[in-house]
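**Student:** Sequence below, structure please.
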Amino acid sequence: MDLSHKQFGIDHNRCILCTRCVRVCDEIEGAHVLDVGSRGAACYVVSGLNQPWGEVDACTSCGKCVDACPTVAPLRKIAPVVEMARDRSKLEFLVNARKNKQWTR
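**Tutor:** Take a look at the predicted model:
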């Protein structure tokens, strides 16, 4: 696993080499940070020139690679549930808005 990026990580054991992350990084974002390294059964997704993902300056931190992946091999780092900030006022706003039918379907 490569968890060197501040927002994302990549778990190579989950990767099925569909290359969606590589293609979206190159063709949609234009950064070309991700690529396929090695040959045959030893292939894997590399960042930069086989550098840790956190050291690649070309990464725009857009998250398109994470969204394109069917297996969540590139993943978003999130805080554990106990560290997440809870804002009770947002919940109360949503409950009141639904009760008062401020949103329509």
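
**Student:** From residue 12, how far off is residue 42?
**Tutor:** Between residue 42 and residue 12 the computed distance is 11 Å (CB to CB, to the nearest Å). (Glycine included, C-beta is placed from N, CA and C.)

**Student:** So which residues of the chain form helices?
**Tutor:** In chain order, the chain shows helices spanning 20-23, 64-68, 88-99, with DSSP state H as the criterion.

**Student:** more neighbours, residue 42 and residue 12?
**Tutor:** The neighbour count for residue 42 versus residue 12, taken as other CB atoms under 10 Å, is higher for residue 12 (12 against 7).

**Student:** ok, now which ones touch the closest residue to that one other than its chain neighbours?
**Tutor:** Counting by CB to CB, 6 or more residues apart in numbering, residue 12 lies nearest to residue 44, which is 5.2 Å off, once chain neighbours are set aside. Applying CB atoms under 8 Å, 6 or more residues apart in numbering to residue 44 gives the contacts 12, 15, 17, 36-38.

**Student:** Where neighbours are concerned, which of the residues you listed has the most?
**Tutor:** Going by other CB under 10 Å, residue 15 tops those with 19 neighbours.

**Student:** Which of the helices of the chain comes out lowest on mean pLDDT?
**Tutor:** Mean pLDDT per stretch puts helix 88-99 lowest among these, at a mean of 80.

**Student:** State the distance from the residue lying closest to residue 56 once chain neighbours are set aside to residue 71.
**Tutor:** Spatial nearest neighbour of residue 56, chain neighbours left out: residue 48 (3.8 Å); criterion: CB to CB, 6+ apart. In this view, residue 48 and residue 71 are 22 Å apart by CB to CB.

**Student:** what's the answer for residue 63, then?
**Tutor:** Taking CB to CB, one finds residue 63 at 16 Å from residue 71.

**Student:** OK, contacts around the residue sitting nearest the centre point of the chain?
**Tutor:** Centroid check for the chain by CA atoms, centre = their mean gives residue 66 as the closest residue, at 3.1 Å. Residue 66 makes contact with 8, 21, 72, 74-76 under the criterion CB under 8 Å, 6+ apart.
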